[in-house]
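*Asks:* Let's see this in three dimensions:
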Amino acid sequence: MEVVKISVKIWMNTIFFNALFFGIMGAVYGEIYWLFSVPFIYIGGVVAGLPFLVLTILLVKAASLFPYSASGKVCWIAVIESLFIALFYMSVNYVVGNRFSLNNNLAQSLTGTTIAACWLSLYICRKSFADHTEMSAPANLPTDTK
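*Replies:* This next block holds a predicted model:
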């Protein structure tokens with residue numbers, strides 16, 4: 001149950017920061033109405049991001065099996081989720097523009113903000129990994145007793 005709790009915390013923080021970064025990005029681009037659409041982006045991110053919740057739960061469970069420190073597990077999850085985020089936006093770009101790439105500025109910006117939000121969320125939740133007993137190395141690993 002603790003794995004699901006940690007995963008939901010990571011997922012919700014990622015969606016929140018992604019919506020916030022998207023609003024900030026809109027202000028930088030001069031599209032001030034993007035700031036007012038942040039709550040709608042958050043709601044849309046919750047709906048569109050449900051598959052990433054399942055992915056996050058699976059990654060956290062898989063990371064709990066690794067004999068690494070909590071920071072090593074967080075880095076592993078960050079890299080794998082970043083790959084899936086890029087693949088997700090490339091797939092959306094394929095459906096919309098019939099090109100499996102990140103060839104336009106909006107797709108590149110969305111991918112960058114989502115990956116930054118994911119990394120920030122994992123950084124914020126890193127203490128949960130260290131505190132969680134299931135996230136420690138499995139007890140049946142051989143140890144050096146010399």
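*Asks:* From here on, just use CA atoms for contacts and neighbour counts.
*Replies:* Noted.
*Asks:* Ile10: how many residues sit nearby?
*Replies:* As a burial measure, Ile10 scores 26 neighbours (other Cα atoms under 10 Å).
*Asks:* Could you do Ile124 as well?
*Replies:* Residues near Ile124, counting by other Cα under 10 Å: 13.
*Asks:* what's the answer for Trp119, then?
*Replies:* 22.
*Asks:* cool, and Gly30?
*Replies:* For Gly30, using other Cα under 10 Å, the count is 10.
*Asks:* Need phi/psi at it.
*Replies:* phi 90, psi 10 (degrees, to the nearest 10).
*Asks:* Can you tell me how far it is from Asn13?
*Replies:* 26 Å (Cα to Cα, to the nearest Å).
*Asks:* With Ala130 instead?
*Replies:* For Ala130 relative to Asn13 (Cα to Cα), the value is 18 Å.
*Asks:* Neighbour count for those two, which is higher?
*Replies:* Per other Cα under 10 Å, whichever of Ala130 and Asn13 has more neighbours is Asn13, with 19 against 16.
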